[in-house]
Every structure is written in structure tokens, then in C-alpha cells.
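In: structure here, sequence nowhere to be found:
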């Protein structure tokens, strides 16, 4: 049972690790130091969800060999430790194995850090890294009380890590989407459930300047179509709608915006010139099938008769990356070979 002052340390630790997404892992180490007084700390993380592979150390000059050793072993995904919030070194390797490994000779023995507890960093049922807390013989082994405190702290670390990864993934996705959208000749207009404009990009006004006006003919037409559909159908059953307006193609896609408190119906309107896309079927396919810039480049090279190896060389990609892009193209177009890709694009547009 923790004492009041020990709960206060845990609460201090919780407050220290909140909301620092810029230097997240260093913040955890600093928080362990300031809240609990530990100075010999290490942190290893290696997982695609973090978009990086990194080892951090606090107040320890650790050799490159030891850092590299972390990357060559898979200590932390053994069945007997999957559900633990604290892990001792003996649960990972036997005492005899421990003394015969590089980690021990180049790290533990040199630094006299004979006592170690690991806090696993978990994401989606996998251990994606660990925090190591190390003590010397002089400071003594971890007491049961210390373990209880660290066990409490580990629960908050797990919750905080989940928030960090989700934030990191959303930031990454946003940057990719922003980059992709900037490459497409596509005007975007978003209407809320009351059919009021909540977002538009500049291309909307470049293609249709009259949308600046409250009496816009195009906006009135879009609203009439949606109101008719909403009157005749349940809003959840409305599918994509498409029509032409003067020299523009208009596509309306329903979208459910989900927030913490509610789910709201919105409508995304895509606006693009008909002539531009008629002249270039690939541009229209890019929009219709949601192709990325790289996928469009590969289709263009396929249409010119390039082999996979030639495409890889021309775009400075590995052959496996080209094959991966091709599989994505096949899935998006609903075909299973290169010839069908060209046929589908030319036949439909």
C-alpha cells in the first residue's frame, strides 16, 4: 500500500509527462528522474507506429556497441512477459546467459549497474520498446515499495504512449494528405448538415469565381440536389452524386464527421474542369480512383511500355516498391494486370 507522499510522487510524474509531443521520450526519462530521483535510465523504441527507431539515454555515456545490441535482440516479446507492467532482467534471460552477453559486459559491468527493471512500452498488444531503470550495488536492488510505485507509473506511461502514437499517426496522415491534395487539380468545398460552407480551398474560387457570391448559381444547384435527395432518402443511404455545370464537373460525396460528442452529416464537393480532364484521362482517373501522385506516374510509364525494372530505375525506387505500388493500383482499379490498367483508364474515360 503506497503512502500519501508516494502517491504524490506518482501524481507529479503524471503531470510531468502530459502533452509534450515534441520531445516525448526524453520527457518520460526526465519525468522519471524529477519525480522519483532515478538518474541511470535508458529507453529503447523500435516500431513502425512511431515512424522511427531510437535509443535514448539519460546521464550515461553508453558505447555504440551497447546501443546496437538492443537492435539485434528480441528480448521483449516473450509470452511470459507480455502482460506484465514491470520486467526484471531475470525474466528475459537466465543468470548465466546474462553474464555472457554483450549487454552485460559492455554496459552493466562497466557502469556497475547490476540492478535493472524494465517498464514495457506497449501498443496494440505488442511490446514496442522498454524503459530501463538501472541501479548500482551501492544504491541497492529495487524494493517491493519501489516496484509498486513504478507499477503505478507504468500504467500512466501506457495510456500516455497510446495518445502519443495516435497523435503522431494523425500528424503524419495530415501531412501526407496535405501533400497529396496540393498535387491534384481539384477544388474542394465542404458543406455541413445545414448546407452551409465550412471549408473550401483556393482552387474552388479559381474554377468558379461566382462562388464568392451569396447568390451563386452553382451553390444553389448543389443545395437543391442535396435537399431533394435528403427529402427522398435517409441521409445515411445517400451515395456519391455527379453532374456537370457549364465547363465544370461536380462530384458530391457524403461524409460522416465524427467528434467526441456526436456524428454529423457533411458533404464534400469536388470541382474540376471538364476539358482539362477530357484531354488527360489519367488526371481524371487520379481523382475518380483516388490514385496518389506516385501511382499516376507509374501508370503513365506503364502506358509508355516501361518494364518494372525500368520504372524502378527511372523513379529511383526499389523493384519491391514498384511492385507494391502496382498492387495498390490493381486494387483501386479492380484489375489484376498491367494491360487491364491501361484498358480500364482508356475505356472509362
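Out: Structure received. Quantities reported herein were computed from a predicted structural model and do not represent experimental measurements.
In: contacts, neighbours, all on C-alpha from now
Out: Noted.
In: show me where the stretch 201-349 of the chain has its strands.
Out: Here the stretch 201-349 of the chain has its strands, by DSSP state E, counting those that start in this stretch, at 241-245, 248-258, 263-273.
In: tabulate the ones you listed (TSV), appending mean neighbour count and mean pLDDT.
Out: Converted to TSV, those look like this (neighbours: other C-alpha atoms under 10 Å; pLDDT from 0 to 100):
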stretch	mean neighbour count	mean pLDDT
strand 241-245	13	87
strand 248-258	16	82
strand 263-273	19	84
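In: quick one: closest of those to residue 129.
Out: Checking those against residue 129 by C-alpha to C-alpha gives strand 248-258 as the closest, at 31.8 Å.
In: so which elements touch that closest one?
Out: With contacts taken as 3 or more C-alpha pairs under 8 Å, 6 or more residues apart in numbering; DSSP states H and E, strand 248-258 sits against strand 241-245, strand 263-273.
In: pairing partners for the shortest one, with directions?
Out: Yep, that's strand 241-245 we're talking about. Strand 241-245 has its sheet partners listed here by DSSP bridges as strand 248-258 (antiparallel).
In: how about the last one?
Out: Here strand 263-273 has these sheet partners by DSSP bridges: strand 187-191 (antiparallel), strand 248-258 (antiparallel).
In: can I get those strands in CSV with distance to residue 143?
Out: Formatted as CSV, the strands paired with strand 263-273 follow (distance: least, C-alpha to C-alpha, whole Å):
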stretch, distance to residue 143
strand 187-191, 59
strand 248-258, 47
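In: quick one: closest of those strands to residue 297.
Out: Per C-alpha to C-alpha, nearest to residue 297 of those: strand 187-191, 21.4 Å.
In: what average pLDDT does that closest one get?
Out: Strand 187-191 comes out with an average pLDDT of 87.
In: which is the succeeding secondary structure element to it?
Out: Later in the chain than strand 187-191, the nearest helix or strand by DSSP states H and E is strand 197-200.
In: in that next one, what's buried?
Out: For strand 197-200, the neighbour count (16 or more other C-alpha atoms under 10 Å) marks residue 200 as buried.
In: next one: stretch 116-128
Out: In stretch 116-128, counting by 16+ other C-alpha under 10 Å, buried: 116, 117, 118, 119, 120, 121, 122, 123, 127, 128.
In: circling back: which of the helices and strands packed on strand 248-258 sits closest to residue 24?
Out: Closest approach to residue 24 among these is made by strand 263-273 (31.3 Å; C-alpha to C-alpha).
In: what's in contact with the closest one?
Out: Identification of contacts with strand 263-273 by C-alpha atoms under 8 Å, 6 or more residues apart in numbering yields 185-193, 195, 204, 207, 235, 247-258.
In: for the helix or strand containing residue 128, what is the distance to the chain centroid?
Out: Counting by DSSP H and E, the element that carries residue 128 is strand 126-135. Centre-to-centre, strand 126-135 and its host chain are 22 Å apart (C-alpha atoms, centre = their mean, to the nearest Å).
In: out of the strands paired with strand 263-273, nearest to residue 37?
Out: strand 248-258 (42.6 Å).
In: my read is that residue 36 contacts residue 9, right?
Out: Yes - with contacts counted by C-alpha atoms under 8 Å, residue 36 reaches residue 9, the gap being 6.7 Å.
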